[in-house]
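1. Prediction below, plus the sequence it came from.
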Amino acid sequence: MTHMELTRRSFVVTSAAAGGGMLLGIGVTSAAGINAQPWMSPTDKDGTAISHWISIDPEGVVTMQQAKQEMGQGTFTGLPQILAEEMHVDWNMVRVQYANVNHHVRNDNLWGSMGTYGSISTRRSRVMLQQAGASVRERLKAAAAAAWGVDASAVAAKDSVLSSGSNTGTFAEFATAAAQITLAEEPAIKTPDQFTLMGTSIARLDTPLKVNGSAMYSIDTRVPGMVYAAVSSNPVQWQPLESYDFSAVADRPGVIAAVELVPNPDKMDFRQGRGDIRPGVAIVADTWYRAKTALDLMPISYSSGTRGDVSTDSIYAAMYDQINKPGFATEVKASSRGTTDAELAARTGINYLGTEATGDALGIIAGSSNVVSADYHRPYQAHARMEVSGATISVTENRVDAWLGSQNPPSDVNIVAGITGHDVNDIYVHNNFLGGGFGGSGPAGMGTKTATYIANQIGLPVKMHWSREGDLSQNFHRPANATRFQGVNGPDGLPLAMFTRSVNPSLEHDRAGNRITDHPYSIPNRHHEVAIIDSSNIGGTHHRAPGSAQNGFMIEQFVDEMALAGGWDPLEWRLELTKHRPDMQLVLNAIKDSGAFTTDLPKGEGTGLGMIESHGTLGVTVAHVTVSRRGQLRIEKVTMAYDCGHVVNPTSCKEQMESCITWEQAHTVTAEIYIEGGRITSDNFDTYKLSRIGDTPEIEVIAALSGGDKWGGMGEPGSPPVAASIGNAIFFATGKRIRSTPISSYDLSWS
């Protein structure tokens, strides 16, 4: 591997292939050393080196180094589309491959962030990619201008061809010369009114790979000398392993060793990303089947420790006990957000406490005889990705190789380094596609942690993947939440005051009130309280549209309750209370114009609204449901209107909205993590129930784009309003208010 010490400011690297080639970026490494998977090598015309940004081979193929992960959301097409827009390259000549994580780490985080979460890929990469593409274009034009003896302003670039008068040449012809040019200043990037490629629907580049089977996922990894590990962890998360008897299975065919999983006692934290490996034991064998069979036969004894009495019922009881304590969050004001958990616990007896207030909501509510009040809650829920968590890890004296799919590969580098003791510069991550993300392949890194721990003990390349049961029972999940709402309407039927009190078991502070404490409606007197309590040992983490989707179900149904109590149509109520937000008016009017929402339907049929702003994008959904007299629910159609400002690929945006809708529908109607005796009992798809193909409603997606400087995300914002729109629709169909999920637990029958 060749390594050149260059500064971040050094943008152009001269290194060309025989016959011509352009290599632009920061730092150089051998082309052969970057990626092992054949699907990642879009051209075999490499020169002696390849950049970390853009390469142009002698045939004119432009290869982009992709810093973001592809997990179904379309980054392998959308981000190259941004680059190609500025380069003026023939789209048919564009290829993409994962960037080298090791080189990213060695060179001071070349791409800024390789994390793919929070719907940030386009939002935070767009300007950078446009600038990179524009710089390449201008260098190519300057090289051609020098060869033809004309001014660079006289050279045009279009579809990978440069021209000036009677002179023409391809990008490939001038790539070597262009690589040696330094611009006096970087060119201006295009504004949306100048786009020709962005804003158009282009077929996804990763689709053929996934159709023909050449796309590599973590579970597809095969390396020489590889062995397999199957893992058993205490079903009561983080509680002790008492004993196991390896001698009972040591002589079984293919069995190599048993490895006890011993976590660091200083890292036994239930919160997202902070917990160490779970106490347990792994069997290593020459096939995963043999490892798993031996593991199932080996006598293992676990202790329930201090968490054996935790259950779904106990968690709800603890949350509602906290909610019922009068004024529990008035003891500590908003300034306490900077106080440590330990300090707050000492002062208040709970883990976190915070209050946000405007006006005198508590006084108005206390003095009113017409208070609208409701309690809502949601359960623990799993990511339930089609790809279970795992990794393949090879630990040698001088380096560690990790084959995995991750939403943030550099975080996995740190995990591996922490377990093995290797320097981060000696950790080599081989990126794979992800079989779904949703926050489940993020900073917790449980698959990477466990596989690395075992490989470090064995001294052989180890492939470890959880079973489906292990993935559902041992991973981090979206935690439960309970919220109490109270409101008072004024003489005009519009809200005068609102109070909310939210409680979560063991999660980050800001998630408890997300989209409840910061909803957009113009209510003059507001009082919001949030608390985190230690009532569960189940690890909590981000779940697609964290906070927003969970809490959107609650707030958007309660505002419907407020609107109806005040005699307002729910759509007109939202229009009235968002007059200060032109973008919300735009999207709500798009829904109104579509005719999707109506209150004029016969009993047993209803439509419902939900509106949530998430990750820079506003989404409004209308669910149209039918409920039979016996209570059989069918979601007939969901209409989604969204505003992300601008779109790169309209088809991908539509696909993401469809994905969000079907995702949240499943987690609203049927999905719930059940906990009994401290352990998760819904550990496969027979007990953690998701929607089936036949449950998918008709979906209509409407883009109502406000433009301007707005560039919102698309991977998550379609989820948050869905659950509330379904709940509100059921109310109009049956008169029954859905205040918790899964909806399948309700008797929806009517007469």
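-> Arrived safely, thanks for sending.

2. List the beta-bridge partners for residue 698.
-> Under the criterion DSSP bridges, residue 698 forms beta bridges with residue 637.

3. pretty sure it contacts residue 639?
-> No: in this structure residue 698 lies outside contact range of residue 639 using Cβ atoms under 8 Å: 9.0 Å. Placement of C-beta: from N, CA and C, glycine included.

4. Comparing those two, which shows the higher neighbour count?
-> Set residue 698 next to residue 639 and count neighbours by other Cβ atoms under 10 Å: residue 639 wins out with 24 against 10.

5. Quick one: residues contacting the more buried one.
-> Contacts for residue 639 were tallied using Cβ atoms under 8 Å, 6 or more residues apart in numbering; they are 591, 594, 596, 621, 622, 624, 699, 700, 702.

6. SS state for it?
-> Taken by DSSP: H, G, I helix; E, B strand; the rest coil, the conformation at residue 639 corresponds to strand.

7. okay but residue 362 is in contact with residue 500, surely?
-> No: with contact defined as Cβ under 8 Å, residue 362 does not reach residue 500; the gap is 11.6 Å.

8. out of those two, which sits in the busier spot?
-> Neighbours per residue (other Cβ under 10 Å) separate residue 362 from residue 500, with residue 500 holding more: 25 against 16.

9. List the strands paired with the one helix or strand that one maps to, with their directions.
-> Assigning secondary structure by DSSP states H and E places residue 500 in strand 495-505. Sheet partners assigned to strand 495-505 using DSSP bridges are listed as strand 481-489 (antiparallel), strand 525-533 (parallel).

10. among these, which gets the worst mean confidence?
-> Within the strands paired with strand 495-505, the stretch with the lowest mean pLDDT is strand 525-533, showing a mean of 85.

11. C-alpha coordinates for that strand, PDB please?
-> Only the C-alpha atoms of strand 525-533 are listed here, as PDB (Å, rounded to 0.1, in the frame of the first residue of the first chain):
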ATOM      1  CA  ASN A 525     -49.400  28.700  27.100                       C
ATOM      2  CA  ARG A 526     -47.400  25.500  27.100                       C
ATOM      3  CA  HIS A 527     -45.800  23.400  29.800                       C
ATOM      4  CA  HIS A 528     -43.800  20.300  28.900                       C
ATOM      5  CA  GLU A 529     -42.100  17.900  31.300                       C
ATOM      6  CA  VAL A 530     -39.800  14.900  30.400                       C
ATOM      7  CA  ALA A 531     -38.100  12.200  32.600                       C
ATOM      8  CA  ILE A 532     -36.000   9.200  32.100                       C
ATOM      9  CA  ILE A 533     -36.400   6.400  34.700                       C
END
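
12. After it, heading C-terminal, what element do we hit next?
-> Stepping forward along the backbone from strand 525-533, the first helix or strand reached (DSSP H and E) is helix 548-565.

13. That next one packs against which elements?
-> If contacts are counted by 3 or more Cβ pairs under 8 Å, 6 or more residues apart in numbering; DSSP states H and E, helix 548-565 sits against strand 371-378, strand 481-489, strand 495-505, helix 570-576, strand 605-614, helix 650-669, helix 720-734.

14. angle of that helix against strand 371-378?
-> The directions of helix 548-565 and strand 371-378 differ by 160 degrees, with axes from the mean of the first three to the mean of the last three Cα atoms, to 10 degrees as the criterion.

15. average pLDDT for helix 548-565?
-> The pLDDT scores in helix 548-565 average 95.

16. now could you export just the CA positions of that helix as CSV?
-> Coordinates of each C-alpha in helix 548-565 appear next as CSV, following Å, rounded to 0.1, in the frame of the first residue of the first chain:
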residue,chain,number,x,y,z
SER,A,548,-40.5,11.7,16.1
ALA,A,549,-42.2,8.4,15.0
GLN,A,550,-42.8,7.2,18.5
ASN,A,551,-44.1,10.4,19.9
GLY,A,552,-45.9,11.6,16.7
PHE,A,553,-48.4,8.8,17.3
MET,A,554,-49.3,10.6,20.5
ILE,A,555,-49.2,14.3,19.9
GLU,A,556,-50.9,14.1,16.5
GLN,A,557,-53.8,12.2,18.0
PHE,A,558,-54.1,14.5,21.0
VAL,A,559,-54.3,17.6,18.8
ASP,A,560,-57.1,15.9,16.9
GLU,A,561,-58.8,15.4,20.3
MET,A,562,-58.3,19.1,21.0
ALA,A,563,-59.6,20.1,17.6
LEU,A,564,-62.8,18.0,17.8
ALA,A,565,-63.4,19.2,21.4
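
17. how much distance is there from it to the middle of the chain?
-> Chain-centre distance of helix 548-565: 24 Å, with Cα atoms, centre = their mean, to the nearest Å.

18. list the helices and strands the lengthiest helix in the chain packs on?
-> Taking DSSP state H as the assignment, the helix of the chain that covers the most residues is helix 121-148. For helix 121-148, the helices and strands in contact under the criterion 3+ Cβ pairs under 8 Å, 6+ apart are strand 22-24, strand 54-56, helix 75-87, strand 156-158, strand 161-164, strand 167-170, helix 171-178.

19. closest to residue 605 out of those?
-> Evaluated with Cβ to Cβ, the helices and strands packed on helix 121-148 place helix 75-87 nearest to residue 605, the distance being 38.1 Å.

20. so what secondary structure elements neighbour the closest one?
-> Counting by 3+ Cβ pairs under 8 Å, 6+ apart, the packing neighbours recorded for helix 75-87 are strand 62-66, strand 94-98, helix 121-148.

21. which residues do residue 362 and residue 500 both contact?
-> The contact lists of residue 362 and residue 500 share residue 527, where a contact means Cβ under 8 Å, 6+ apart.

22. sorry, back to before: hmm, which of the contacts of residue 639 are the buried ones?
-> 591, 596, 621, 622, 624, 699, 700, 702 (16 or more other Cβ atoms under 10 Å).

23. and the closest residue to the last one other than its chain neighbours, what are its bridge partners?
-> To tie it back to what came earlier, the one meant is residue 702. Closest residue to residue 702 apart from its sequence neighbours, by Cβ to Cβ, 6 or more residues apart in numbering: residue 641 at 4.2 Å. Here residue 641 sits in beta bridges with residue 620, residue 702, as judged by DSSP bridges.

24. what sits against residue 641?
-> Under the contact definition (Cβ under 8 Å, 6+ apart), the residues listed for residue 641 are 587, 588, 590, 591, 594, 619, 620, 621, 701, 702, 703, 704.

25. I'd assumed residue 620 was in contact with the first one.
-> Yes: the criterion here is Cβ under 8 Å, and residue 587 meets it with residue 620 at 5.0 Å.

26. so residue 293 makes contact with residue 254?
-> No: taking Cβ under 8 Å as the definition, residue 293 is not a contact partner of residue 254, at 9.2 Å.

27. Looking at these two, which one has more neighbours?
-> Between residue 293 and residue 254, counted using other Cβ under 10 Å, the more crowded position is residue 293 (19 against 16).

28. can you count the residues close to the nearest residue to that one once chain neighbours are set aside?
-> The shortest distance from residue 293 to any residue that is not its chain neighbour, by Cβ to Cβ, 6+ apart, is 7.4 Å, and that residue is residue 252. Other residues within reach of residue 252 by the criterion other Cβ under 10 Å amount to 15.

29. Phi and psi next, for residue 252.
-> For residue 252, the backbone dihedrals are phi -70, psi 150 (criterion: degrees, to the nearest 10).

30. From residue 286, how far out is it?
-> 11 Å (Cβ to Cβ, to the nearest Å).

31. what does the average pLDDT come to for stretch 170-188?
-> pLDDT averaged over stretch 170-188 equals 90, rounded to a whole number.

32. can you pull the buried residues of it?
-> With the criterion 16+ other Cβ under 10 Å, stretch 170-188 contains buried residues 170, 171, 172, 173, 174, 175, 176, 177, 178, 179, 181, 187.

33. Am I right that the first one is in contact with residue 60?
-> Yes: the pair residue 170 and residue 60 passes the contact test of Cβ under 8 Å, sitting 5.4 Å apart.

34. Who are the packing partners of the helix or strand where residue 281 lies?
-> When elements are defined using DSSP H and E, residue 281 is found to belong to strand 280-285. If you count contacts as 3+ Cβ pairs under 8 Å, 6+ apart, strand 280-285 packs onto strand 227-233, strand 241-244, strand 255-261, helix 288-297, helix 446-458.
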